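[1] Sharing a model prediction with you, sequence too.
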Amino acid sequence: MHRMMKVKVQFMTTSCLFCRIASGELPAHRLYEDAYILAFLDLHPIRAGHALVIPKAHHVWFEDLPEDLATRITTCAQRLARRMKVFYDVERVAMLYTGIHVPHAHAHVVPMHHVHDVTSQAYLLDGIDDYVTPPQLPVAEMEEIARQLREE
């Protein structure tokens with residue numbers, strides 16, 4: 001992670017919770033920080049150790065992150081995941097972007113103690129141990145979706 005990054009400058013906003021954390025205005029339990037990203041513990045974790053990795057520059061959507069910045073976030077998440085596996089003695093660590101509560105791109109890194117730690121409640125109709133597989137779409141519909149997503 002030593003090469004120069006070509007990051008489109010996005011200014012921090014005074015109303016964004018994560019911009020305020022990145023600037024040091026609000027406290028956080030920081031795990032990693034460099035000039036471009038910050039990793040810190042989630043205040044409302046799925047599991048102990050649940051971390052967030054954010055760009056310091058304000059980007060609302062993960063798909064708008066410059067590729068090198070997204071790579072930097074993923075690399076940091078991988079390093080945290082390796083530590084979490086040892087520290088929590090878990091086989092798997094999840095990494096996902098959701099963007100639900102704070103409109104600032106952020107990756108969740110979650111040590112998974114149960115296979116459904118990051119499963120949508122929509123598939124756990126009868127509790128955490130009763131996973132319901134989502135129904136398959138018809139083949140023709142999947143082919144059409146794939147065709148449309150391949151197009152620019």
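    Alright, I've got the coordinates. Residues are numbered from 1 along each chain as shown.

[2] ok, for residue 49, nearest residue in space, not its chain neighbours?
    Once flanking residues are discounted, residue 49 sits nearest to residue 111: 4.9 Å by CB to CB, 6 or more residues apart in numbering. C-beta: built from backbone N, CA, C; applies to glycine.

[3] count of neighbours near that neighbour?
    Neighbour count for residue 111, taken as other CB atoms under 10 Å: 25.

[4] Contacts only, for it.
    Counting by CB atoms under 8 Å, 6 or more residues apart in numbering, residue 111 makes contact with 47-50, 84-85, 87-88, 90, 93.

[5] Over to residue 118?
    Counting by CB under 8 Å, 6+ apart, residue 118 has contacts 46, 94, 96, 108, 110, 112.

[6] Name the surrounding residues that touch the helix or strand harbouring residue 32.
    Under the criterion of DSSP states H and E, residue 32 resides in strand 30-33. Residues outside strand 30-33 that contact it (CB under 8 Å, 6+ apart): 38-41, 51, 53, 76, 79-80.

[7] Reformat those residues as TSV; add pLDDT, secondary structure and distance to residue 126.
    Output for the contacts of strand 30-33, formatted as TSV (pLDDT from 0 to 100; DSSP: H, G, I helix; E, B strand; the rest coil; distance: CB to CB, whole Å):
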residue	pLDDT	secondary structure	distance to residue 126
38	98	strand	39
39	97	strand	36
40	96	strand	35
41	97	strand	32
51	96	strand	31
53	98	strand	34
76	98	helix	37
79	98	helix	37
80	97	helix	33
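
[8] Just the closest of those to residue 61, please.
    Nearest to residue 61 among the contacts of strand 30-33 is residue 53, at 15.4 Å by CB to CB.

[9] now the closest one: how far from residue 99?
    Distance of residue 53 to residue 99, given as CB to CB, to the nearest Å: 13 Å.

[10] do residue 151 as well
    25 Å.

[11] Tell me who's in contact with residue 65.
    By CB under 8 Å, 6+ apart, the residues touching residue 65 are 55, 59, 73, 105.

[12] Repeat the analysis, applying 7 Å as the threshold.
    Residue 65 sits next to 55, 59, 105 when contact means CB atoms under 7 Å, 6 or more residues apart in numbering.
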